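> Sequence plus predicted model, see below.
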Amino acid sequence: MWEYVAHDEGDTEALGTALGNALVEGGVVALVGTLGAGKTRLVQSIAVALGADRRFVNSPTFILIQEYEASLPIYHCDTYRLRNVEEFLDLGIDEILQSGGVCLIEWADRVAEVLPSDHLRIEIDVTGATERRFRFEAGGPRSAAILDALRSTISAA
């Protein structure tokens with residue numbers, strides 16, 4: 001478990017950039033937080049760090065899954081509007097998880113039971129008008145390596 005406090009959107013962007021640089025093929029990031037917590041803002045920074053065009057990175061609330069071209073394919077999922085886990089599986093998430101890209105899932109707590117055990121869970125709490133607390137938990141060796149690389153980058157900054 002690791003915590004990071006972002007005092008403003010600049011800190012959130014720096015965190016997302018560092019996380020994007022730490023992600024590896026097959027990385028799964030499970031984002032959990034209330035509306036407006038900053039899940040999509042974090043995803044935008046991750047995607048840009050991986051080489052995606054920021055103009056095309058937005059919340060896939062109505063589309064459910066968006067794919068962004070980058071150094072690693074990015075699959076951005078939003079499970080907010082899904083009624084159950086079966087709808088998530090019907091989207092072809094198994095193929096996405098095996099695609100060799102990275103998968104960023106907003107509202108991941110709604111589908112936690114079908115996520116791979118080796119994923120990086122990020123809980124985002126709103127602690128002020130622009131301040132957010134990010135809590136990270138790695139579920140296996142790949143996500144632990146990603147988290148270690150992230151912590152190293154952030155502590156060196």
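Received, thanks. Numbering: from 1, shown residues only.
> can I assume residue 77 sits in a strand?
Yes: according to DSSP: H, G, I helix; E, B strand; the rest coil, residue 77 belongs to a strand.
> what helices or strands is the longest helix seen in the chain leaning on?
Determined from DSSP state H, the single longest helix within the chain is helix 141-156. Using 3 or more CB pairs under 8 Å, 6 or more residues apart in numbering; DSSP states H and E, the elements in contact with helix 141-156 are strand 2-6, helix 9-22, strand 120-126, strand 132-138. (Glycine included, C-beta is placed from N, CA and C.)
> Next, the angle from it to strand 2-6.
Orientation of helix 141-156 against strand 2-6 (axes from the mean of the first three to the mean of the last three CA atoms, to 10 degrees) gives an angle of 50 degrees.
> list the buried ones in helix 141-156?
142-143, 146-147, 149-150, 153-154 (16 or more other CB atoms under 10 Å).
> for stretch 16-23, same thing?
For stretch 16-23, by 16+ other CB under 10 Å, it's 16-20, 22-23.
> Assess the claim that residue 33 and residue 125 are in contact.
Yes: with contact defined as CB atoms under 8 Å, residue 33 reaches residue 125; the gap is 6.9 Å.
> Compare the two (neighbour count), which wins?
residue 33 (22 against 16; other CB atoms under 10 Å).
> what does stretch 74-88 contact?
Counting by CB atoms under 8 Å, 6 or more residues apart in numbering, stretch 74-88 makes contact with 43, 46-47, 50, 52, 57, 59-68, 91, 93, 96, 99, 101-108, 110-111, 113-114, all of which sit outside it.
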